[in-house]
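In: return atomic coordinates for the entry below.
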Amino acid sequence: MSVMTIPQKQYNEPVMVPGMGAQPVPPPKYAPANDNIDVRQFGARGWPEYFMPKPEAVAPVELTGGQYIGLRRPATTSGGFDIPPELQPAFLEAARPGDFMQTATGRKFWPMDPRADEVFIEDIAHALSMQCRYAGHCLRFYSVAEHCVLMARKLRWEGVDVALWALMHDASESYLVDVPRPVKPYLDGYKAAEAKVMAAICDRYGLAHEMPAVVHDADNRIIADELANLVPMEWHARYAGQELGVELRYWSPEQAKIEFMATFQALMDNRARGMA
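Out: Okay, the predicted model is just below:
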């Protein structure tokens with residue numbers, strides 16, 4: 001079987017592959033990064049064109065450095081090509097919709113393709129502790145993490161799962177950031193992305209996909225408590241008498257993360273012991 005060697009200086013040029021015509025070839029030692037995957041290069045099935053099945057068998061193409069792209073059809077299958085093991089991780093990542101983001105713990109998360117097994121509480125706690133409520137228009141720093149903890153502790157006696165839902169109700173913002181309410185309706189695709197991320201989080205921690213009504217109500221009522229951290233304005237009157245009854249602590253990001261993790265662990269421990 002003949003093998004073509006591609007000089008490094010030509011890796012951006014189309015390569016004539018027997019039986020396949022001109023094919024794009026990735027540069028040597030190529031590894032997708034957070035901002036260099038262009039999904040427009042993929043075929044209708046989401047696979048790069050140089051991996052699409054062809055009617056005839058084709059010899060593998062060797063890249064400089066001894067790497068191969070899988071162009072040889074396995075004799076035992078009717079479709080697809082064998083992909084060398086060393087290229088499989090990058091290939092599978094490139095086939096996912098959108099790009100990945102790096103999380104606080106150094107992991108990868110695809111906001112447009114969220115998966116439960118890629119959700120980690122440490123990432124959620126850290127990201128929410130670093131984000132200020134109300135797009136930062138507060139008199140003092142007040143994190144999304146603290147907002148969630150105050151709700152969870154207030155609703156503890158509504159049941160463990162309700163309290164856990166309250167703690168996690170803004171967890172999608174750890175991957176999509178805290179967008180102000182007046183802005184969300186005008187961001188095409190945000191609501192759908194938020195729902196998908198939240199579904200993955202619910203699957204990860206065994207929560208029902210639908211937010212409990214009591215959590216939704218508390219999320220509105222806590223605004224009345226949080227007005228103490230905003231410059232007084234006339235619209236505040238609509239929340240008069242609707243306070244949830246919590247006291248803002250103004251935790252630092254470091255303390256907010258500790259409190260979030262402690263609340264999560266306590267709720268999970270109570271659930272494991274069968275406490276409602």
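
In: and the closest residue to residue 209 other than its chain neighbours, how far from residue 210?
Out: Using C-beta to C-beta, 6 or more residues apart in numbering and skipping the chain neighbours, the partner closest in space to residue 209 is residue 202 (5.2 Å). Just so you know, the C-beta spots here come from the backbone N, C-alpha and C atoms, and that holds for glycine as well. Residue 202 is 9 Å from residue 210, where distance means C-beta to C-beta, to the nearest Å.

In: what stretches of the stretch 101-250 of the chain score poorly on pLDDT?
Out: Under the criterion pLDDT under 70, no range of the stretch 101-250 of the chain is flagged.

In: helices of that one, start to end?
Out: Shown for the stretch 101-250 of the chain, the helices assigned by DSSP state H, counting those that start in this stretch span residues 121-130, 144-154, 160-168, 173-176, 190-205, 213-226.

In: in a markdown table: the ones you listed, plus distance to residue 275.
Out: Converted to a markdown table, these look like this (distance: least, C-beta to C-beta, whole Å):
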| stretch | distance to residue 275 |
| --- | --- |
| helix 121-130 | 19 |
| helix 144-154 | 15 |
| helix 160-168 | 6 |
| helix 173-176 | 27 |
| helix 190-205 | 16 |
| helix 213-226 | 18 |
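
In: the lengthiest helix in the chain versus helix 160-168: what angle between them?
Out: The longest helix of the chain (DSSP state H) is helix 253-272. Interaxial angle of helix 253-272 relative to helix 160-168 (axes from the mean of the first three to the mean of the last three C-alpha atoms, to 10 degrees): 160 degrees.

In: grab the nearest non-local neighbour of residue 168.
Out: residue 201 (6.1 Å).

In: revised request: answer the last question for residue 241.
Out: Nearest to residue 241 is residue 224, by C-beta to C-beta, 6+ apart, at 7.8 Å.

In: first-to-last residue distance for stretch 109-122?
Out: 13 Å (C-alpha to C-alpha, to the nearest Å).

In: show me which positions of it end up buried.
Out: 109-111, 113-114, 118-121 (16 or more other C-beta atoms under 10 Å).

In: higher neighbour count, residue 202 and residue 210?
Out: Taking other C-beta atoms under 10 Å, residue 202 and residue 210 do not tie; residue 202 has more neighbours (19 against 9).

In: residues contacting that one?
Out: Contacts for residue 202 (C-beta atoms under 8 Å, 6 or more residues apart in numbering) come out as 168, 208-209.

In: swap in residue 199?
Out: 114, 209.

In: neighbours around the spatially closest residue to residue 219 that is not a sequence neighbour, how many?
Out: Closest residue to residue 219 apart from its sequence neighbours, by C-beta to C-beta, 6+ apart: residue 169 at 6.3 Å. Using other C-beta under 10 Å, residue 169 has 22 neighbouring residues.

In: residue 169 contacts residue 148, doesn't it?
Out: Yes. Counting by C-beta atoms under 8 Å, residue 148 is a contact partner of residue 169 at 6.6 Å.

In: hmm, back to that, tell me what the longest helix of the chain is packed against?
Out: With contacts defined as 3 or more C-beta pairs under 8 Å, 6 or more residues apart in numbering; DSSP states H and E, the packing partners of helix 253-272 are helix 121-130, helix 144-154, helix 160-168.

In: what angle separates the longest one from helix 213-226?
Out: Read it as helix 144-154. Orientation check (the same axes, to 10 degrees): helix 144-154 against helix 213-226 gives 120 degrees.

In: what do you get for the last one?
Out: An angle of 40 degrees separates the directions of helix 160-168 and helix 213-226 when computed by the same axes, to 10 degrees.

In: re earlier: distance to residue 216 for the helices and strands packed on helix 253-272 - can I get that in a markdown table?
Out: Shown next, in a markdown table, are these (distance: least, C-beta to C-beta, whole Å):
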| stretch | distance to residue 216 |
| --- | --- |
| helix 121-130 | 18 |
| helix 144-154 | 11 |
| helix 160-168 | 10 |
